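[1] When you get a sec, could you give me coordinates for this:
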Amino acid sequence: MVAAIAFRKTRSEPDDPWEMVAAPFQPPASEGLPLGSDMLGRNVAAGIAYGARVSLGISAGAVVLAKALATAVALFTGYYGGWIDKIGQRFVDIWIALPRLIILVTSDRGLSGPLNTNVIRFASREITEHPGDLAVVSVGRKGRDAMRRARVPLEAHFNGFGDRPAFTDVLPLARLVTDDFLAGTYGSIDVVYAHFVSTLVQRPSMVRLLPIVPSPDTEGIPGGQFLFEPGASEVLQMLLPRYVATRLYQTVLEAKASEESSRMVAMKNATENAEELIEDLTLSYNKVRQANITREMIEIASGAQAR
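    Just a heads-up that it's a prediction; the model follows:
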């Protein structure tokens, strides 16, 4: 629509934008000059129209060429597979070395032992060891505060999703990262969270969310034996947002399970330490009390003997 308006404008403004057509600094709405003239007497409206036509033409051509080239390369490598597909994957690896987005999933509350500290330290080490153009999306106040103290740029922040996260809670986050990835803002998107291993073990982990890494189980399967209706691009366009939302929901649930387990273990240890401290203090109190009673009895006995 914008390109059509610019094209019509060039037809309605036949003046050469480099030609002096009037006196300098003519006001807008002058005769034949809807936006007036510049300091050289050139038609401002004609310059905008011609410039918009050239800019939009180059942009539209670049988008169409990029989409056509990417589609052709993807179809070619996917159909033949083998070493051709591996070469394509190496080009993809080079491409994903572009700007990177890290989603840091932590909790909103403390009292969960070293869980948040370990996750934040893991993310900080990843950022330090792989410096470059990157941004962070934080989920949970602990991660947000740590990134702000470290002066790491935050693309966005989402508060924790409560004690019982729902699938609908992660949809805004999934929509944000999907749109940014499809728009080419980021070449890769990773999620750093606390992986739930067991009640006693919660391991900081990082998983690649986008682009999708083929599973080792799919190696050797020829890519030309699948049929998609209505088409592969339409099917993937519908599946990608759902896939991203499901993966994010899984990481949020694992992070919540890790948080609750770590908090349970931390509170159990704190309770045991408090009970031990109470026993020690009770023993010390009884010793002091017994010593005072003994001293008072000795004083009473000494006073009776003095009489």
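
[2] For Arg109, give me its contacts.
    Counting by C-beta atoms under 8 Å, 6 or more residues apart in numbering, Arg109 makes contact with Gly160. No exception for glycine: its C-beta is placed from N, CA and C like everyone else's.

[3] How about the secondary structure of it?
    When the structure is reduced to helix, strand and coil (DSSP: H, G, I helix; E, B strand; the rest coil), Arg109 reads as coil.

[4] how far away is it from Asn159?
    Computed with C-beta to C-beta, to the nearest Å, the distance linking Arg109 and Asn159 is 11 Å.

[5] just His195 next, same as before
    22 Å.

[6] And Asp85, by the same measure?
    Counting by C-beta to C-beta, the gap from Asp85 to Asn159 is 42 Å.

[7] Please apply the same query to Ile84.
    Going from Ile84 to Asn159 by C-beta to C-beta gives 46 Å.

[8] and what of Arg144?
    From Arg144 to Asn159 the distance is 9 Å (C-beta to C-beta).

[9] Of those two, which one has the most company?
    Shown here are Arg144 and Asn159; by other C-beta atoms under 10 Å, Arg144 has more neighbours (21 against 12).

[10] Are we agreed that the more buried one is in a helix?
    Yes - note on Arg144: a helix contains this position according to three-state DSSP.

[11] right, and it touches Leu154 too?
    Yes - Arg144 sits in contact with Leu154 when judged by C-beta atoms under 8 Å, with a separation of 6.8 Å.

[12] joint contacts of these two?
    Common neighbours of Arg144 and Leu154 (criterion: C-beta under 8 Å, 6+ apart): Ser138.

[13] helix, strand or coil for Ser138?
    Assigned state for Ser138: strand (three-state reduction, three-state DSSP).

[14] any idea how far it is from Ala62?
    Ser138 is 34 Å from Ala62, where distance means C-beta to C-beta.

[15] between those two, which one's more packed in?
    Of the pair Ser138 and Ala62, Ser138 is the one with more neighbours under other C-beta under 10 Å, namely 26 against 10.

[16] any idea what sits nearest the more buried one, other than its immediate chain neighbours?
    If you skip the residues right next to it in sequence, Ser138 has Arg144 as its closest partner in space, 4.2 Å away by C-beta to C-beta, 6 or more residues apart in numbering.
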